[in-house]
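Trainee: Following is a predicted model, sequence given first.
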Amino acid sequence: MRMSLLRSASQHLRRHRCDYSSSSSATASPERKVAILGAAGGIGQPLALLMKLNPLVSSLSLYDIAATPGVAADVSHINTRALVKGFVGDDQLGEALEGADLVIIPAGVPRKPGMTRDDLFKINAGIVKGLCTAIARHCPNALVNMISNPVNSTVPIAAEVFKKAGTYDEKKLFGVTTLDVVRAKTFYAGKANVPVTGVNVPVVGGHAGITILPLFSQATPASNALSHEDLVALTKRTQDGGTEVVEAKAGKGSATLSMAYAGAVFGDACLKGLNGVPDIIECSFVQSTVTELPFFASKVRLGKSGVEEVLGLGELSALEKEGLESLKGELLSSIEKGVKFAQES
Ligand SMILES: NC(=O)C1=CN([C@@H]2O[C@H](COP(=O)(O)OP(=O)(O)OC[C@H]3O[C@@H](n4cnc5c(N)ncnc54)[C@H](O)[C@@H]3O)[C@@H](O)[C@H]2O)C=CC1
Ligand SMILES: O=C([O-])CC(=O)C(=O)O
């Protein structure tokens, strides 16, 4: 029983790119330091656990403004490669970041029922700005995976902070939209009645409401079983996935475990790219010329310096073309709000 559980878990990870066994052996892979900022939170803790299980990580730096030594002590006892250190408070942030190859940011407040992601802007914009200022100073060459919401604004804030500091490299800044892909795969597999492990669905646009645009016309394996109404319902469920969790948690936060999984998948992909593993492709919200918007989520090829190539949208269905046009206004205003905040504060 135990062996078959382990076998099926490892098959799952292989299909989902978190293929730790084939990514290169722990001893052969280069030293990689990963820092998690907000490591004591709902996402931070399980994400710290998952990154501790990733043999590509040689050093894991867990930073928060609260309670990190406990989380770090706990995770550090797991007998895997990464050496874990905990850091707490402003004066330890520099040390937490020094030499990091990848910084993952789930710091900030989550939604409660009735709130939009944009309602988090007031608090999270300042948090992200402060953390990115420190990244520019202490590890300007690190890849940055932004989880903190509203991603449609926090990524442009990070870009502006890095520009001001003279360290901006558009190849190294990513808004993490992997959870949208994770949800689209799960919901599509359920509706199309196909095994979820083989499913892929690109999700483009941004990471809030209608700006989340799953491209089910490009889903693999393709399904003829889905009606127009099914596709409309699948699109809406993917767009509202975060709200579904916020409402189910009824005031106790938003998605944490599925987000930690998604963050670990995306972080692993970034590390594989840095290590020169070919053909690593994930969706992410990045600086883009795919549309007229300055930032946009689409498939990107990851490489040794971050984004190697931003891939185009491919052919869209009529429903998706309509979705693309209707998301642009909201996405642009969220981007502009982030830029304005960073330039004026
Ligand atoms: N991109 C995505 O798909 C998703 C994004 N999120 C977002 O992730 C963020 C975190 O969510 P949770 O972990 O559930 O929240 P949480 O409240 O459980 O944890 C946040 C952590 O950040 C820490 N923190 C606050 N200010 C900090 C600072 N200046 N430096 C370092 N740490 C700081 C807090 O002490 C806390 O431990 C939220 O903004 C949420 O909306 C959540 C789910 C999905
Ligand atoms: O909905 C939220 O507030 C958290 C989030 O971004 C998600 O779960 O996609």
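Mentor: Structure received. Ligands and ions are numbered 1, 2, ... in the order given.

Trainee: And the residue of the stretch 201-345 of the chain that's closest to ligand 2?
Mentor: Using CB to the nearest ligand atom, Gly242 is the residue of the stretch 201-345 of the chain that sits closest to ligand 2, at 2.2 Å. In short, each C-beta sits where N, CA and C put it, glycine included.

Trainee: Ignoring the adjacent residues along the chain, who's closest to the one residue in the chain that gets nearest to ligand 1?
Mentor: Nearest residue of the chain to ligand 1: Gly41, at 2.0 Å (CB to the nearest ligand atom). Spatial nearest neighbour of Gly41, chain neighbours left out: Pro106 (6.0 Å); criterion: CB to CB, 6 or more residues apart in numbering.

Trainee: I'd assumed Asn149 was in contact with that neighbour.
Mentor: No. With contact defined as CB atoms under 8 Å, Pro106 and Asn149 do not form a contacting pair (9.7 Å).

Trainee: Please report the distance of the residue nearest the centre of the chain from Ser284.
Mentor: Nearest to the geometric centre of the chain sits Val176, at 2.3 Å (CA atoms, centre = their mean). In this view, Val176 and Ser284 are 7 Å apart by CB to CB, to the nearest Å.

Trainee: which residues are common contacts for those two?
Mentor: Common neighbours of Val176 and Ser284, using CB atoms under 8 Å, 6 or more residues apart in numbering, are Phe266.

Trainee: for Ser333, helix, strand, or coil?
Mentor: Three-state call for Ser333 (DSSP: H, G, I helix; E, B strand; the rest coil): helix.

Trainee: Just say helix, strand or coil for the residue nearest to Gly205 when sequence neighbours are not counted.
Mentor: Closest residue to Gly205 apart from its sequence neighbours, by CB to CB, 6+ apart: Leu213 at 4.0 Å. Assigned by three-state DSSP, the conformation of Leu213 is strand.

Trainee: my guess is Leu213 meets Lys321, correct?
Mentor: No. Leu213 is beyond contact range of Lys321, at 10.1 Å (criterion: CB under 8 Å).

Trainee: So which of these two has more stuff around it?
Mentor: Per other CB atoms under 10 Å, whichever of Leu213 and Lys321 has more neighbours is Leu213, with 28 against 12.

Trainee: Contact partners for the more buried one?
Mentor: Counting by CB under 8 Å, 6+ apart, Leu213 makes contact with 203-205, 235, 320, 323-324, 327.

Trainee: which among these gets closest to Ser254?
Mentor: Val203 (17.7 Å; CB to CB).

Trainee: pLDDT score for that closest one?
Mentor: On pLDDT, Val203 comes in at 98.

Trainee: How about Ala225?
Mentor: Model confidence at Ala225 (pLDDT) stands at 87.

Trainee: any idea how far Val194 is from it?
Mentor: 9 Å.

Trainee: do the same with Ser29
Mentor: The gap separating Ser29 from Val194 is 34 Å, by CB to CB.

Trainee: re earlier: which elements pack onto the host helix or strand of the residue of the stretch 201-345 of the chain closest to ligand 2?
Mentor: Using DSSP states H and E, Gly242 falls within helix 241-249. The helices and strands touching helix 241-249, judged by 3 or more CB pairs under 8 Å, 6 or more residues apart in numbering; DSSP states H and E, are helix 178-192.

Trainee: which parts of the helix it packs on are buried?
Mentor: Within helix 178-192, the residues that count as buried by 16 or more other CB atoms under 10 Å are 178-189, 191-192.

Trainee: any idea how far it is from the chain center?
Mentor: Helix 178-192 sits 16 Å away from the centroid of its parent chain (CA atoms, centre = their mean, to the nearest Å).

Trainee: ok, residues contacting the helix or strand following it?
Mentor: Next along the chain after helix 178-192, taking DSSP H and E as the criterion, comes strand 203-205. With CB under 8 Å, 6+ apart as the test, strand 203-205 has contacts from 177, 180-181, 184, 211-215, 238, 283, 290, 296-299, 313, 323-324, 327, 331.

Trainee: Would you tell me which residues of the stretch 151-300 of the chain are close to ligand 1?
Mentor: Contact residues (CB under 6 Å from any ligand atom) of the stretch 151-300 of the chain with ligand 1: 151, 176, 179, 207, 253-256, 259.

Trainee: Spell out which residues make up each domain of this protein.
Mentor: The chain is divided into the following domains under the TED database: 33-176, 178-335.

Trainee: Next, the distance between the ends of the last one.
Mentor: Here the two ends of domain 178-335 are set 19 Å apart, with distance taken as CA to CA, to the nearest Å.
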